[in-house]
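**Student:** Quick one, fold the following:
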Amino acid sequence: MQPVRSPAGEAKSFRAYDQNQSFLLPPSLDDWLPADHTARFVSEIVDDSLDLTSIYASYTNATGAPPFDPRMMLKLLLYAYSTGVTSSREVERRCHVDVAFRWLSANSAPDYRSLARFRRRHLVALNDLFCQVLVLCAAAGLVKLGRVALDGTKLRASASRHKAMSYDRLTSRIPEVEAEVAKLLAEAEQVDAAEDDEFGPDRRGDEVPVELATRERRLVKMRAAKEALEADAAERAAAAAQAKAEASKADTSDVEIGMAVELARSTAVVKPRAQRSFTDPDARMMKTNDGFHYAYNAQAVADDESQVVVVTWVTQHPTDVNQLLPMLDATHRSLDGAGIGTRPKVVLADAGYCSTANIDTATANGDNVLVATGRLKHHEQIPDAPVGRIPNNLTSRQRMARRLRTKPGRAAYARRKAIIEPVFGQMKVKQNAGHLRLRGLDGAQGEFTLHAICHNLRKLANATQPAAC
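**Tutor:** The predicted structure is shown next:
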């Protein structure tokens, strides 16, 4: 019989392990958080560098329970979005289990409803905070404005494709739902009459059945969606008619143009497959990397020095061609608001922003834009650099194409992808910015601005604290 051997390592001494061990002195969260942690950087920025007057100014009601300190709520919001935590419920959970969140909240752990209300309440104040952070980045030498790049990216809206209807489906479905509502109302009245006979007239008997309440709410949404689709079609037809009337004859009178516009508006036809979301009516169906979804088109301009975002904007239009001029104006306003008086030396944009009107207007306004005039086909080679004098009969679009083929033009435009596309990639990967939480155009604009603030803060932290975790 073999002797019983002792388990391996039985004689080895291990460090003491006791989950019930008590602390001799009260623990300090400050000792548990590393000195170079990003949460400390966010806390210092909010306490020492940001003016929160625009946030505090909204608290005018002295009644009711005292709210959470806006400084603490803003710190939680900035740190959460910087680390990709965009759910208010997840932020509340982290305040219980994550040292950094507990340190920022000072162990107060606000509930998710308070966090969500704070985020929605101060969307307008985020514009002022964005400008202040841009000033900090410029003071740190991160904004040079030699070259800037403009581009757009699709952000998924908080709306499902299954909570929507096309126009032709709405047209046929609304009468059906109206008939169902009328039937349910008649049945409810019969039930009320029977209950009055049985229980007497003292019973209220006005309880709305669940089926009726659900269908009535859905009917309201369906009618609103149908009206919105018809209004959009009318406005597009009116704009097209006005442009056509103004371009057809130089001597067209304003009365004739107005008549053409009104005729087009009154006879506009909605495309049968046009859709509206019941969940987020402001969102539009757009093509994304994984198919067609309800989304917003987020625009941003970033500086070449360190990819700091200079300005942001969110639009409902899926294409970029109409966003070049508004984004140039927004860039100027943002720089003026931040006290940066200089304009970018050159603005880089891809072919999605190219049109003759955009090039001519931008040039007339003094903006030096370098816009691609078309995408190269597969295996297509870039034409050789032009030589000789520029022909006088070239259009502005042809001149732009010729400029892009020169060596300086190629060198400048080659920087476009390296400037702006990593910004969107970092936002979507590190900050979970690809899927918005807030609904409505204002909510989408405010949340994307919040993502841009956090992006710029991470750039500022990397420049001032290279070892931040």
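**Student:** Using PDB, list the CA coordinates for the helix or strand harbouring W103.
**Tutor:** Take DSSP states H and E as the rule and W103 turns out to sit in helix 99-105. C-alpha atoms of helix 99-105 as PDB (Å, rounded to 0.1, in the frame of the first residue of the first chain):
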ATOM      1  CA  VAL A  99     -12.900  53.500  -6.600                       C
ATOM      2  CA  ALA A 100     -12.600  56.400  -9.100                       C
ATOM      3  CA  PHE A 101     -16.300  57.000  -9.300                       C
ATOM      4  CA  ARG A 102     -16.600  56.800  -5.500                       C
ATOM      5  CA  TRP A 103     -13.800  59.200  -5.000                       C
ATOM      6  CA  LEU A 104     -15.400  61.700  -7.400                       C
ATOM      7  CA  SER A 105     -18.800  61.400  -5.800                       C
END
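**Student:** and it, which residues are buried?
**Tutor:** A100, F101, R102, W103, L104, S105 (16 or more other C-beta atoms under 10 Å). Yep, even glycine has a C-beta here, placed from its N, CA and C like the rest.
**Student:** ditto for stretch 288-308
**Tutor:** So, applying 16+ other C-beta under 10 Å, buried residues of stretch 288-308: 288, 293-308.
**Student:** what distance separates it from the centre of its chain?
**Tutor:** Offset of stretch 288-308 from its chain centre (C-alpha atoms, centre = their mean, to the nearest Å): 9 Å.
**Student:** which strands and helices sit next to the helix holding W103?
**Tutor:** Packing partners of helix 99-105 (3 or more C-beta pairs under 8 Å, 6 or more residues apart in numbering; DSSP states H and E): helix 29-32, helix 38-48, helix 70-82, helix 88-97.
**Student:** In a markdown table: the buried residues of helix 99-105, plus pLDDT.
**Tutor:** Compiled in a markdown table, the buried residues of helix 99-105 are given as follows (pLDDT from 0 to 100):
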| residue | pLDDT |
| --- | --- |
| A100 | 95 |
| F101 | 95 |
| R102 | 94 |
| W103 | 95 |
| L104 | 95 |
| S105 | 93 |
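**Student:** Between these, which sits nearest S277?
**Tutor:** When those are ranked by distance to S277 (C-beta to C-beta), F101 comes first, at 33.0 Å.
**Student:** got the contact list for the closest residue to that closest one other than its chain neighbours?
**Tutor:** Spatial nearest neighbour of F101, excluding adjacent residues (C-beta to C-beta, 6 or more residues apart in numbering): R94 at 4.0 Å. Taking C-beta atoms under 8 Å, 6 or more residues apart in numbering as the contact definition, R94 lies against A80, V85, A100, F101.
**Student:** how near is D69 to S105?
**Tutor:** With the distance defined as C-beta to C-beta, to the nearest Å, D69 ends up 10 Å from S105.
**Student:** Ok, R333 next?
**Tutor:** Distance from R333 to S105, by C-beta to C-beta: 35 Å.
**Student:** what do you get for P67?
**Tutor:** From P67 over to S105 (counting by C-beta to C-beta), the distance is 14 Å.
**Student:** again with S160
**Tutor:** 33 Å.
**Student:** before we move on, back to that, the buried residues of stretch 288-308 in strands, which ones?
**Tutor:** T288, H293, Y294, A295, Y296, N297, A298, Q299, A300, V301, A302, D303 (DSSP state E).
**Student:** Beta-bridge partners for the last one, please?
**Tutor:** The reference is to D303. When bridges are called by DSSP bridges, D303 pairs up with V148.
**Student:** for the residue nearest the centre of the chain, what are its contacts?
**Tutor:** Centroid check for the chain by C-alpha atoms, centre = their mean gives F448 as the closest residue, at 3.3 Å. Residues in contact with F448 (C-beta under 8 Å, 6+ apart) are L155, Y296, A298, T312, V314, A433, L436.
**Student:** so what's N358 up against?
**Tutor:** Shown in contact with N358 (C-beta under 8 Å, 6+ apart): V321, L324, L325, V369, V371.
**Student:** L324 versus that one, what's the distance?
**Tutor:** Applying C-beta to C-beta to N358 and L324 gives a distance of 5 Å.
**Student:** okay, and the common contacts of the two?
**Tutor:** V369, V371.
**Student:** circling back: list the ones among the contacts of F448 that fall in strands.
**Tutor:** L155, Y296, A298, T312, V314.
**Student:** Same list, the residues you listed, but as a markdown table with distance to D31 and pLDDT please.
**Tutor:** As requested, these are exported to a markdown table (distance: C-beta to C-beta, whole Å; pLDDT from 0 to 100):
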| residue | distance to D31 | pLDDT |
| --- | --- | --- |
| L155 | 40 | 93 |
| Y296 | 43 | 94 |
| A298 | 41 | 95 |
| T312 | 38 | 95 |
| V314 | 42 | 95 |
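**Student:** Would you tell me which one of those comes nearest to A452?
**Tutor:** Nearest to A452 among the ones in strands among the contacts of F448, with distances taken as C-beta to C-beta, is T312, at 4.7 Å.
**Student:** Could you report the neighbour count for the closest one?
**Tutor:** 24 (other C-beta atoms under 10 Å).
**Student:** So for P70, what's the nearest residue that isn't a sequence neighbour?
**Tutor:** Spatial nearest neighbour of P70, excluding adjacent residues (C-beta to C-beta, 6+ apart): I55 at 4.9 Å.
**Student:** Thanks a lot, catch you later.
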